[in-house]
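Student: only geometry, no sequence info:
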DNA sequence: TTAGATGATTTGCA
DNA sequence: TGCAAATCATCTAA
């Protein structure tokens, strides 16, 4: 008998039936119980033998229609049938000759690139692989994508993102576990069935291996679907939380005031240096790039509609002037302790009065009471409105230099109280 | 619901 | 690289 084939089980009466585990098949050469009337073992006996085989086949054919008990009884009878070993041998021979059993069972399947991509992505997102603090890598990406803002809203969104990602991770792992369990159970079941079948038909170990690999392939296809769905879920989550770059929040009132204070107190040259931007960013709880954006927007919108911003300019001018006349200690808008001012006390946005009273500005500007007085005079009854002569137009090219901004936007009479007309401290690039 | 305000992005320039 | 200008997309108050 072909060594690939499992030997027939011992047909002995006591060990028949469904003995899935206990029914250890006998050795290949084990003589069948009850003797072989036909002699020669593997040969198909003629006459009576043919009839017996026909009976057996008939039994096999009808077995599916019987109740389980009947089937088992028949199975038992089949296993005990004296002609069974002969039939088994014939089947082995046929199988060997036709060669239909095994088609290179061990085809090495190349790793599916799609599966690799999915695995890599799940790993990168922190869904697969070891827990990374609920996807801290993705959260970091989130922080980067949102400009690195440090506002509480951002952190809320990120924690929300993390919790959602953790949810996806949890579902993914539980589903994966279920699939693996189901796969193992199914494989075991099939293996048992094959072992059982090997009692009545030749089943090669390689055939079983092949069956197992087919099962695994099917289950890995299901797994791939699971991974794909998970990836899609993560992508949706990302697009909702991270890629909504244009999703924005207005800055806090305090932050806007801080920025406006700086802008109007440096109206002659509203180009904060890098250090100034950093200080402002720190003060406002926003990023440096947000500060840059804000000043960019502010400059352009101020220029476009000076008339509209006159009122705002007045408000900030009055604020600063009032705080100066009141002694320079009132905190009108941004109550920030002086200790939190810029390094070396070079910048104090919080106290408008301080801004005018000898406190060097962000860019090394210093203010004097006389400057404040001149400001108050310049405002006169009409405030900035008259002085600015709303609606002044200027060439954008002129705006590329500090002088250009000053000439075009801020007449000398209302030059920022914090800076002299020729001040170029704010931004050397302009 | 809508118009205006506003933060962010894109494009082109020097 | 920083800025101006245009534009987009969202927020907010009426």
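Tutor: Sure, I can see it. Treat the numbers as computed from the prediction; the structure is a model and nothing was measured.
Student: State the three-state secondary structure for residue A:270.
Tutor: With DSSP: H, G, I helix; E, B strand; the rest coil as the basis, residue A:270 sits in coil.
Student: for the stretch 251-400 of chain A, which spans come out with low pLDDT?
Tutor: Across the stretch 251-400 of chain A, residues meeting the criterion (pLDDT under 70) sit at A:323-400.
Student: what about residue A:96, distance to DNA strand B?
Tutor: 68 Å (CB to the nearest atom of the strand, to the nearest Å). In short, each C-beta sits where N, CA and C put it, glycine included.
Student: mind checking how far that residue is from residue A:89?
Tutor: 11 Å (CB to CB, to the nearest Å).
Student: Report all helices and strands that the lengthiest helix in chain A contacts.
Tutor: When chain A is parsed with DSSP state H, its longest helix is helix A:152-197. On a contact count with 3 or more CB pairs under 8 Å, 6 or more residues apart in numbering; DSSP states H and E, helix A:152-197 meets helix A:136-145, helix A:205-241.
Student: low-scoring stretches of the stretch 1-150 of chain A, by residue?
Tutor: Those would be A:1-66, A:99-110, A:131-150, if you go by pLDDT under 70 across the stretch 1-150 of chain A.
Student: which of residue A:96 and residue A:89 has more neighbours?
Tutor: Taking other CB atoms under 10 Å, residue A:96 and residue A:89 do not tie; residue A:89 has more neighbours (22 against 15).
Student: Just the element for that one, please.
Tutor: Using DSSP states H and E, residue A:89 falls within helix A:84-98.
Student: now the angle from that helix to helix A:205-241?
Tutor: On the basis of axes from the mean of the first three to the mean of the last three CA atoms, to 10 degrees, helix A:84-98 is oriented at 60 degrees to helix A:205-241.
Student: now the closest residue to residue A:169 other than its chain neighbours: how far from residue A:183?
Tutor: Excluding the flanking residues, the one nearest residue A:169 by CB to CB, 6 or more residues apart in numbering is residue A:127, at 4.9 Å. From residue A:127 across to residue A:183, the span is 20 Å (CB to CB).
Student: Looking at these two now, which is surrounded by more residues?
Tutor: residue A:127 (25 against 18).
Student: So the more buried one sits against residue A:164, correct?
Tutor: No: applying CB atoms under 8 Å, one finds residue A:127 not in contact with residue A:164, separated by 11.3 Å.
Student: rank the helices and strands packed on helix A:152-197 by pLDDT, which is bottom?
Tutor: For the helices and strands packed on helix A:152-197, the weakest mean pLDDT is recorded on helix A:136-145, namely a mean of 47.
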